[in-house]
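S.K.: Need the 3D shape of this:
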Amino acid sequence: MKPAQLLLSYQRLVERERELRDEIDRIEILLTTNPDVKSAEESLAQAHQQEQSIELRLREFDRER
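M.R.: Next up, the predicted model:
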């Protein structure tokens, strides 16, 4: 490739990167403001807490045996 072609190719890649970063930012903003996502995150956190509680109880039962 000639230097001019390489430069044009590079410029297209830089522009594509900028577009993708903008798209990522836009999607991240949508996700942080979406109440469904927040609700799902809270449910997941509760499930993890319940799982840890069950694991602790199982370990206690194993020790007792």
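
S.K.: for the record, mean pLDDT for the helix or strand hosting Arg59?
M.R.: Element membership for Arg59 (DSSP states H and E) is helix 35-64. Mean pLDDT, helix 35-64: 93.

S.K.: what separates the residue sitting nearest the centre point of the chain from Leu13, distance-wise?
M.R.: What sits nearest the mean C-alpha location of the chain, by Cα atoms, centre = their mean, is Glu28, with 8.8 Å. Remark: distance between Glu28 and Leu13 (Cβ to Cβ, to the nearest Å) = 22 Å. Just so you know, the C-beta spots here come from the backbone N, C-alpha and C atoms, and that holds for glycine as well.

S.K.: repeat for His48
M.R.: From His48 to Leu13 the distance is 40 Å (Cβ to Cβ).

S.K.: Repeat that for Ala4.
M.R.: Taking Cβ to Cβ, one finds Ala4 at 15 Å from Leu13.

S.K.: what's the answer for Leu56, then?
M.R.: Distance, Leu56 to Leu13, using Cβ to Cβ: 52 Å.

S.K.: quick one: Ala47 from Ser53, how far?
M.R.: 11 Å.

S.K.: I meant Leu44, not that one.
M.R.: As judged by Cβ to Cβ, Leu44 and Ser53 stand 15 Å apart.

S.K.: Likewise for Glu19?
M.R.: 46 Å.

S.K.: okay, now Ala45: neighbour count?
M.R.: Using other Cβ atoms under 10 Å, Ala45 has 10 neighbouring residues.

S.K.: related to what we said a few turns ago, backbone phi and psi for the residue nearest to the centre of the chain, please?
M.R.: Here is the backbone geometry of Glu28 (degrees, to the nearest 10): phi -60, psi -40.

S.K.: Identify the residues contacting it.
M.R.: When the contact criterion is Cβ atoms under 8 Å, 6 or more residues apart in numbering, Glu28 has no partners at all.

S.K.: Convert stretch 4-19 to PDB, retaining C-alpha atoms only.
M.R.: Taking Å, rounded to 0.1, in the frame of the first residue of the first chain, the C-alpha atoms of stretch 4-19 are listed here in PDB:
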ATOM      1  CA  ALA A   4      -1.600   7.900   1.200                       C
ATOM      2  CA  GLN A   5      -3.700   4.800   1.200                       C
ATOM      3  CA  LEU A   6      -2.400   3.800   4.600                       C
ATOM      4  CA  LEU A   7      -3.200   7.200   5.900                       C
ATOM      5  CA  LEU A   8      -6.800   7.000   4.600                       C
ATOM      6  CA  SER A   9      -7.200   3.500   6.000                       C
ATOM      7  CA  TYR A  10      -5.900   4.700   9.400                       C
ATOM      8  CA  GLN A  11      -8.200   7.700   9.400                       C
ATOM      9  CA  ARG A  12     -11.200   5.400   8.700                       C
ATOM     10  CA  LEU A  13     -10.100   3.100  11.600                       C
ATOM     11  CA  VAL A  14      -9.800   6.100  13.900                       C
ATOM     12  CA  GLU A  15     -13.300   7.300  12.900                       C
ATOM     13  CA  ARG A  16     -14.700   3.800  13.400                       C
ATOM     14  CA  GLU A  17     -13.200   3.600  16.900                       C
ATOM     15  CA  ARG A  18     -14.700   7.000  17.800                       C
ATOM     16  CA  GLU A  19     -18.100   5.800  16.600                       C
END
